[in-house]
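Peer 1: I'll drop the sequence and a predicted model, then ask my questions.
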Amino acid sequence: MKIILSLFIGAVLFASAANLYAQNGEITYILLRHAEKDASPTANKNDVDLSPAGRERALRLFETVKPYNPEQIFSTIFRRTRDTATPAAVNLNRDYRLMIQYYDYAEIEEFAERLLNSNAKTVLVVGHNNTTPQLANLLTGQTNKYQTLPESEYTKIWIIKIKRKNGKMMKVVEDKVITY
């Protein structure tokens, strides 16, 4: 009985220490707009698929984010965002597929707060041409640094690294936009 109690107490202390470390370390956010969508006349206008170029870009996304080793992946419910995130979700971990978690783009401020309180070290978020720059602004504490992307722009990825203490943002360590 003492062994079981000791193991339980050890597990609780370990989980608390891991949570405290996560709330006090750096977190990296990788934000991007979904890949190219199907603009053909026969495309489903309500929930657009990716175009062939978009499917290729989604595969490149996996290669681009692989060195960052995302632990969490978020997407809106739309097919084009899910399909952009899927190659990364399937291939980032050899032992299991990462679950794509959904967020409501209409509640972007609440989602930003949720991300700032995440215990992950790296988070990948696939959004849209208007919500992704808005989310980057919210995470960095900037008001209008990033603007809505043109409808034809699919190549930008925001890399934002934030130092946290007690779950609160202390400072932005890195804030850059790369192309892929």
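Peer 2: Perfect, I can see it now.
Peer 1: what's the longest strand seen in the chain in contact with?
Peer 2: With secondary structure taken from DSSP state E, the chain has its longest strand at strand 168-179. With contacts defined as C-beta atoms under 8 Å, 6 or more residues apart in numbering, strand 168-179 is touched by 26, 28, 64, 116, 136, 140-141, 146, 155-164. C-betas here are computed from N, CA, C, even on glycine.
Peer 1: go with 6 Å
Peer 2: With C-beta atoms under 6 Å, 6 or more residues apart in numbering as the test, strand 168-179 has contacts from 116, 140, 155-163.
Peer 1: right, and the pair among those residues with maximum separation?
Peer 2: Using C-beta to C-beta, the pair of those lying farthest apart is 155 and 163, separated by 28.0 Å.
Peer 1: coming back round to it: partner strands of the longest strand of the chain, parallel or antiparallel?
Peer 2: strand 156-165 (antiparallel) (DSSP bridges).
Peer 1: quick one: average pLDDT of the partner strand?
Peer 2: Within the predicted structure, the mean pLDDT of strand 156-165 is 95.
Peer 1: Quick check: buried residues in it?
Peer 2: Within strand 156-165, the residues scored as buried using 16 or more other C-beta atoms under 10 Å are 156-162, 164.
Peer 1: Relative to residue 98, which of these is nearest.
Peer 2: Of all the buried residues of strand 156-165, residue 98 sits closest to residue 157, with 17.6 Å by C-beta to C-beta.
Peer 1: what's the closest residue to the closest one other than its chain neighbours sitting at in phi/psi?
Peer 2: Leaving aside its sequence neighbours, residue 157 sits nearest to residue 32 (C-beta to C-beta, 6 or more residues apart in numbering; 4.6 Å). Backbone torsions for residue 32, taken as degrees, to the nearest 10, come to phi -160, psi 160.
Peer 1: Tell me how many other residues surround residue 32.
Peer 2: Neighbourhood size, residue 32 [other C-beta atoms under 10 Å]: 28.
Peer 1: I'd assumed residue 158 was in contact with it.
Peer 2: No. Counting by C-beta atoms under 6 Å, residue 32 does not reach residue 158; the two are 7.0 Å apart.
Peer 1: Next, count neighbours for residue 81.
Peer 2: By other C-beta under 10 Å, 27 other residues sit near residue 81.
Peer 1: Reduced to three states, what does it come out as?
Peer 2: Under DSSP: H, G, I helix; E, B strand; the rest coil, residue 81 falls in the helix class.
Peer 1: Which pLDDT value goes with it?
Peer 2: We have a pLDDT of 98 for residue 81.
Peer 1: Check the gap between it and residue 31 for me.
Peer 2: Using C-beta to C-beta, to the nearest Å, residue 81 is found at 12 Å from residue 31.
Peer 1: Tell me which other helices or strands the host helix or strand of residue 136 touches.
Peer 2: Assigned by DSSP states H and E, residue 136 belongs to helix 131-140. Using 3 or more C-beta pairs under 6 Å, 6 or more residues apart in numbering; DSSP states H and E as the contact criterion, the elements in contact with helix 131-140 are strand 26-33, helix 108-116, strand 156-165.
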